[in-house]
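Engineer: dropping the sequence and predicted coords here.
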Amino acid sequence: MAHILIVDDSATDVSVIKKILDSKGYTVSSASNGEDGIQKAKELQPNLIIMDIIMPGLNGFQATRKIIKNPDTKSIPIVFLSSKDMESDRAWGLMTGAKEYLTKPINSEQLLETVTKIIG
């Protein structure tokens, strides 16, 4: 089954996302900040990254740019899942290179549809 990396500094959000993905048989790993997310993306080579935006240190936009610029991780699709719900945030997220931009609170059906659309 596909491997998904969750990059989010909220342990509660990680737990909820993990539970949703576990229920469909996905292998799930997590990172609590952008730097850790970049490192785990290199090490684990997940099939998909679910990235928060507002995090200490490197934010999700910055981490995404670094992942996309790295030859070892540039092919990993990224989905933003953030509380930032302005249209400008969505546009910036997609321009940064994300395949999709979802907003919190997490809608499990929408999350699973997005994951299925991107990685099958």
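Structural biologist: Yep, it's here.

Engineer: centroid-nearest residue for this structure?
Structural biologist: In the chain, the centroid-proximal residue (C-alpha atoms, centre = their mean) is Ile50; its distance is 1.4 Å.

Engineer: what strands flank the one helix or strand it maps to, and is each parallel or antiparallel?
Structural biologist: Using DSSP states H and E, the element containing Ile50 is strand 48-51. Strand pairing for strand 48-51, using DSSP bridges, gives strand 3-7 (parallel), strand 78-82 (parallel).

Engineer: could those strands be laid out in CSV, adding mean neighbour count, distance to Gly57 and mean pLDDT?
Structural biologist: (C-beta placed from N, C-alpha, C; glycine too.) Shown next, in CSV, are those (neighbours: other C-beta atoms under 10 Å; distance: least, C-beta to C-beta, whole Å; pLDDT from 0 to 100):
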stretch, mean neighbour count, distance to Gly57, mean pLDDT
strand 3-7, 24, 11, 98
strand 78-82, 24, 16, 96
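
Engineer: quick one: which of those strands is nearest Ile67?
Structural biologist: strand 78-82 (6.6 Å; C-beta to C-beta).

Engineer: now do that closest one: distance to the chain's middle.
Structural biologist: 5 Å (C-alpha atoms, centre = their mean, to the nearest Å).

Engineer: what lies in contact with that strand?
Structural biologist: 8, 13, 17, 48-54, 60, 64, 67-68, 89, 93, 97-104, 106, 111, 114-115, 118 (C-beta atoms under 8 Å, 6 or more residues apart in numbering).

Engineer: okay, buried residues for the worst-scoring helix or strand of the chain on mean pLDDT please.
Structural biologist: The helix or strand of the chain with the lowest confidence, counting by mean pLDDT, DSSP states H and E, is helix 87-96 at a mean of 88. By 16 or more other C-beta atoms under 10 Å, the buried positions in helix 87-96 come out as Asp89, Arg90, Trp92, Gly93, Thr96.
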